[in-house]
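Undergrad: 3D model of this:
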Amino acid sequence: MRGAGIFDGDLLVVDRSITPQSDDIVIAILHGDLTVKRLKKVAGQWHLAAENEDYPSLAISDDGCEIWGVITTSIRRHCGR
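TA: Below you'll find the model as predicted:
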């Protein structure tokens, strides 16, 4: 999610009470694995869009995918100690 300013090791604050909308950054459970992606609606179909060109966007099907929560804040540590 480098394109969204989220990097490996960042601490993410997730609000599970917010109803996800298009363009929100979400944590999704996809076939048992957690992933952080931007939620998009394209031609009536929901997608989990990657902000990093190295990763593909994924169409969401009803089976095997759950939007777990909406990311509201990211925190980055600047001191290595």
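Undergrad: So for His47, what's the nearest residue that isn't a sequence neighbour?
TA: Lys40 (4.7 Å; C-beta to C-beta, 6 or more residues apart in numbering). The C-beta positions use only the backbone N, C-alpha and C, and glycine is treated the same way.
Undergrad: sorry, that was for Arg16
TA: Gly69 (4.1 Å).
Undergrad: who's the one you found bridged to?
TA: Under DSSP bridges, the beta-bridge partners of Gly69 are Ile27.
Undergrad: Which pLDDT value does the model give it?
TA: Gly69 carries a pLDDT score of 97 in this model.
Undergrad: give me every residue that touches it.
TA: 14-16, 18, 26-27 (C-beta atoms under 8 Å, 6 or more residues apart in numbering).
Undergrad: if I look at it, how far off is Ile75?
TA: 16 Å (C-beta to C-beta, to the nearest Å).
Undergrad: Tell me the strands beside the helix-or-strand element of the chain with minimal mean pLDDT, with direction?
TA: When the helices and strands of the chain are scored by mean pLDDT, DSSP states H and E, strand 58-59 comes last with a mean of 86. Next to strand 58-59 in the sheet, as set by DSSP bridges, lie strand 45-49 (antiparallel).
Undergrad: What are the contacting residues of the strand it pairs with?
TA: 26, 28, 30, 35, 37-41, 57-60, 65.
Undergrad: Would you mark the buried spots in stretch 68-77?
TA: For stretch 68-77, burial by neighbour count (16 or more other C-beta atoms under 10 Å) applies to 69-71, 74.
Undergrad: Using JSON lines, lay out those together with distance to Gly9.
TA: As requested, the buried residues of stretch 68-77 are arranged in JSON lines below (distance: C-beta to C-beta, whole Å):
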{"residue": "Gly69", "distance to Gly9": "19"}
{"residue": "Val70", "distance to Gly9": "21"}
{"residue": "Ile71", "distance to Gly9": "15"}
{"residue": "Ser74", "distance to Gly9": "10"}
